[in-house]
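Asks: Need coordinates for the below:
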Amino acid sequence: MMRGIISLGIIFLILLIGWGLSSILSKPIEINIPKPLSHEEVGIFAKEIFLKGREEGNASWEIKADNLKIDLQYKYFKFEGNVEGKVYREKKLSIDVKGDLAELNIEEGVLKFPKGVEFSTEDGYRGNAPYAVWDINLKEFICSKGRIKFEKIGEFKAEADFFRFSTKEGFATFEGNVIIETGI
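Replies: Sure, this is the predicted structure:
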């Protein structure tokens, strides 16, 4: 009986030593579990995109960018890198805008340029603003939240707190601390 207990003890000791050696000598198994995506990351992604809209058979707008992210409900579009948007009126370019970031909220009907924008209009205005919004329903391009610098090419340079350009009507308004420099 004593031999049986000793034999079981030796077998148990050999098993423990073997288990210890096997865990030391074997490489650990690495399990790569991807981190879950946040709500902002979920959706559709595209690179080097070009989107174009039509109204009554004619081009009405277009936008291109290096990257595009769209949420799964198709309500929020985020354009990043070399963003360029164009709006047409009566088959002619009405306004051209450029920036690094644009965010489109379909429910609000608003395209925002939160990090600034450069623009040029059909009637010779060009400028830049720290923030801009394109109101799709009103067909208005509005710059605010800081000084907007603009010029009418060959006529004057100016600054204002607020700039509005109607692509529907084709006219611009400037408001708030307007400074105009003529004779350029």
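
Asks: from here on, contacts and neighbour counts on C-alpha atoms
Replies: Fine.

Asks: Report the residue spans of the chain with pLDDT below the cut-off.
Replies: Applying pLDDT under 70 to the chain flags residues 1-42, 184.

Asks: how near is the nearest residue to residue 170 once chain neighbours are set aside to residue 120?
Replies: Leaving aside its sequence neighbours, residue 170 sits nearest to residue 94 (CA to CA, 6 or more residues apart in numbering; 7.1 Å). With distances taken as CA to CA, to the nearest Å, residue 94 is found 8 Å from residue 120.

Asks: Could you do residue 159 as well?
Replies: As judged by CA to CA, residue 159 and residue 120 stand 15 Å apart.

Asks: Repeat that for residue 87.
Replies: For residue 87, the distance to residue 120 (CA to CA) stands at 11 Å.

Asks: Show me which of the two is the more surrounded one.
Replies: More crowded of residue 87 and residue 120, by other CA atoms under 10 Å: residue 87, with 25 against 21.

Asks: right, and that one touches residue 165 too?
Replies: No. Applying CA atoms under 8 Å, one finds residue 87 not in contact with residue 165, separated by 11.4 Å.

Asks: which residues do those two both contact?
Replies: Taking CA atoms under 8 Å, 6 or more residues apart in numbering as the contact criterion, residue 87 and residue 165 have no common neighbours.

Asks: now the strands for the protein?
Replies: For the chain, strands defined by DSSP state E occupy the ranges 44-55, 58-70, 76-89, 92-105, 110-113, 117-121, 125-129, 132-135, 140-143, 148-152, 156-160, 162-166, 171-175, 179-182.

Asks: Report how many residues lie close to residue 78.
Replies: 18.

Asks: if I pick it, what's in contact with it?
Replies: 68, 69, 70, 101, 102, 103, 104.

Asks: what number of residues lie near the fourth one?
Replies: Residue neighbour count, defined by other CA under 10 Å, stands at 21 for residue 101.
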